[in-house]
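In: Here is the input, now give the coordinates:
(chains A, B, C and D)
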Protein chains: 2
Amino acid sequence: MVDKPLYKVVQQFIHQRINAGELVPGDLIPSESQLSESLNVSIGTVRKAIDLLEQEKLLYRHQGKGTYVSRVDFDNSLFRFFSYGTASGEAARIHKRTPIRERILGTADICRHLKTSIGTPLIYIERVGYDDHEQPVLVEKCWWRADIVAGLEDEDLHIPDLLYAIIEEKFGVHVVRAEETLTVDIADVPTAKRLSIQEGDPLVVLYRTTHATNDRIIEYRVTRGRPDRFTYKTEIR
Amino acid sequence: MVDKPLYKVVQQFIHQRINAGELVPGDLIPSESQLSESLNVSIGTVRKAIDLLEQEKLLYRHQGKGTYVSRVDFDNSLFRFFSYGTASGEAARIHKRTPIRERILGTADICRHLKTSIGTPLIYIERVGYDDHEQPVLVEKCWWRADIVAGLEDEDLHIPDLLYAIIEEKFGVHVVRAEETLTVDIADVPTAKRLSIQEGDPLVVLYRTTHATNDRIIEYRVTRGRPDRFTYKTEIR
DNA sequence: CCTGTCAACTCCTATATATGAGTTGATATG
DNA sequence: CATATCAACTCATATATAGGAGTTGACAGG
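Out: Next up, the predicted model:
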């Protein structure tokens, strides 16, 4: 092992404690002076380590209160760039229905994304999102690992618009991060029907893998949406 | 004016010198100890200011050499996510031809993006990008302010694949940053013809405004490309 | 009971200092 | 001439210290 700077060692130490679930999203981490003393490094070094973790958005600081482990912020999802708003630009809320939820065994493709062996028991959930005018705007297919969220397929269980709320509450599973990939694709027949569009119409497609503590993958999700007012903005330097 | 932290004052000071063109991309800025002395602040404060500017990607440091003003890195363009590669995944180079270049007067729409008054003299350039197999994959429309790049429309002037290289060299205009917006759209007839696709086929569209020193807008550009293998990836925390 | 004060804790700003590591060019030495 | 060394400069790491600003909860005084 090469000689790492001290602040990186501290950074890793904290990072690991979060990954391992010793610190979960929302938690207050030990104060800078406490860390400084317990780890036997100067307070400046601790601050530098936390600076980096803050840049990674793994932590956030609050002057006077302390430093907290970030909660996953799905407002940063690429999905927010589908602006299914009113013509006047207001962001419209999308409400979702859940026509399908069932236990299945994972296909090769799905299990590859979940990094489990083929045939793993899964819970499949399909949801359709509607805008204010009850027009369908997106179709969401989610595959959850049945061993982690057993009972999610229960018909009596009400599923809120933000699925992750229930996962946290009912199953005590902490969503730590997610990876998203955005693509453009063409509607196939079933998707076209769901969205009241034509086969062959363009779609914006979002793939997501959701990770919990210990970097366990708990969900693979594919969302297909109408590209009507999709935009994404950045700055280049 | 509220009392700003010292390091923010230093940060602003350097930022302004770059904006004003006193420091241009590629330049070496004064060393930390020089800045510390000339501005009469501690070296730690200078470092913190530069830290922030480095995060903004406005500067980059090189241990032992110094700190430089960043060059615009179009590899970060959203455009790089159109991977017009070979099937094996190699990123294929796209070469461009320039079928149209002419002086025009700006329409309302274009001038709005360039933030000039309507009817401003512009140079319009249209380019088509081809992959290895000479298949057209994208169409690029650029509007440049004629007062800044006078002579760009000259037929004798060879335009390289990276248009900005010539702007820097011939006209001494430094590209400082660019804003990009990505959308999905439907091909109209002329675009479909250019790209050998059908009218109504999906397109990925990239709008770009390019800024030079003093935040002058020098170019507005619209690129339409085939969405074949477009993907964009992020991580959410 | 309410309210104001204040101590004790958080992170934030700013300075000073010492040492290390990477780069460059001048200079001495074969 | 070639090359090895080394001084002088860059930024990077690490420590110590002091005072300021935001937050909280305990506690005294009405």
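In: and A:L39, what does it touch?
Out: A:L39 makes contacts with A:V10, A:F13, A:V46, as judged by C-beta atoms under 8 Å, 6 or more residues apart in numbering or on different chains. From N, CA and C alone the C-beta is placed, and that goes for glycine too.
In: most neighbours, which of these?
Out: When neighbours are counted by other C-beta atoms under 10 Å in any protein chain shown, A:V46 leads these with 26 neighbours.
In: separation between it and A:R17?
Out: A:V46 sits 14 Å away from A:R17, going by C-beta to C-beta, to the nearest Å.
In: cool, and A:S70?
Out: Using C-beta to C-beta, A:S70 is found at 14 Å from A:R17.
In: count of neighbours near the closest residue to chain B within chain A?
Out: Of all residues in chain A, A:P202 sits closest to chain B, at 3.0 Å by C-beta to the nearest C-beta. Using other C-beta under 10 Å, A:P202 is surrounded by 24 other residues.
In: these two touch, right, it and B:P227?
Out: Yes. Contact criterion C-beta atoms under 8 Å: A:P202 and B:P227 qualify, at 7.4 Å.
In: Mutual contacts of these two, please.
Out: With C-beta under 8 Å, 6+ apart as the test, A:P202 and B:P227 both reach A:V184, B:V184, B:P202.
In: mind putting those in CSV, secondary structure included?
Out: Below are the shared contacts of A:P202 and B:P227 laid out as CSV (DSSP: H, G, I helix; E, B strand; the rest coil):
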residue, secondary structure
A:V184, strand
B:V184, strand
B:P202, strand
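In: Of these, which is the nearest to B:H113?
Out: Taking C-beta to C-beta as the measure, B:H113 lies nearest B:V184 of those, at 19.5 Å.
In: Show me what the closest one is bridged to.
Out: For B:V184, the beta-bridge partners under DSSP bridges are B:V204.
In: Equivalent analysis for A:R127, please.
Out: Beta bridges link A:R127 to A:E140, judged by DSSP bridges.
In: Please enumerate the helices of chain A.
Out: Taking DSSP state H to define them, one finds helices in chain A at A:6-19, A:32-39, A:43-55, A:108-114, A:163-171, A:189-195.
In: A:T98 is nearest to which of these?
Out: Proximity to A:T98 (C-beta to C-beta) singles out helix A:163-171 among those, at 9.2 Å.
In: Could you tell me which residues within that closest one count as buried?
Out: A:L163, A:Y164, A:I167, A:E168, A:F171 (16 or more other C-beta atoms under 10 Å in any protein chain shown).
In: so what's the residue nearest the centre of chain A up against?
Out: Nearest to the centroid of the C-alpha atoms of chain A, with distances taken as C-alpha atoms, centre = their mean, sits A:A178, at 3.9 Å. A:A178 makes contact with A:V72, A:F74, A:S77, A:R208, A:T209, A:T210, A:H211, B:E235, B:I236, according to C-beta under 8 Å, 6+ apart.
In: at 10 Å what do you get?
Out: Applying C-beta atoms under 10 Å, 6 or more residues apart in numbering or on different chains, we find A:A178 in contact with A:72, A:74, A:76-77, A:164, A:208-211, A:217-219, A:221, B:234-237.
In: Then A:P5?
Out: A:Q11, A:T45, A:K48, A:A49.
In: swap in A:D109?
Out: By C-beta under 10 Å, 6+ apart, the contact set of A:D109 is A:I118, A:W143, A:Y220.
In: OK, contacts around A:S196?
Out: A:Q135, A:P136, A:V137, A:R226.
In: So what does the residue nearest to the first one when sequence neighbours are not counted look like in phi/psi?
Out: For A:Q135, the nearest residue in space outside its immediate sequence neighbours is A:S196; the separation is 7.1 Å by C-beta to C-beta, 6 or more residues apart in numbering or on different chains. Main-chain dihedrals, A:S196, degrees, to the nearest 10: phi 50, psi 40.
In: can you tell me how far A:S196 sits from A:D3?
Out: 62 Å.
In: burial of the residue in chain A positioned nearest to DNA strand C, as a residue count?
Out: Relative to DNA strand C, the nearest point of chain A is A:S31 (3.1 Å; C-beta to the nearest atom of the strand). Residues near A:S31, counting by other C-beta under 10 Å, number 13.
In: Correct me if wrong: it contacts A:H62.
Out: No. A:S31 lies out of contact with A:H62 (C-beta atoms under 10 Å); the separation is 11.8 Å.
In: interface residues of chain A facing DNA strand C?
Out: Counting by C-beta under 7 Å from any atom of the strand, chain A comes close to DNA strand C at A:29, A:31-34, A:44, A:47, A:61-67.
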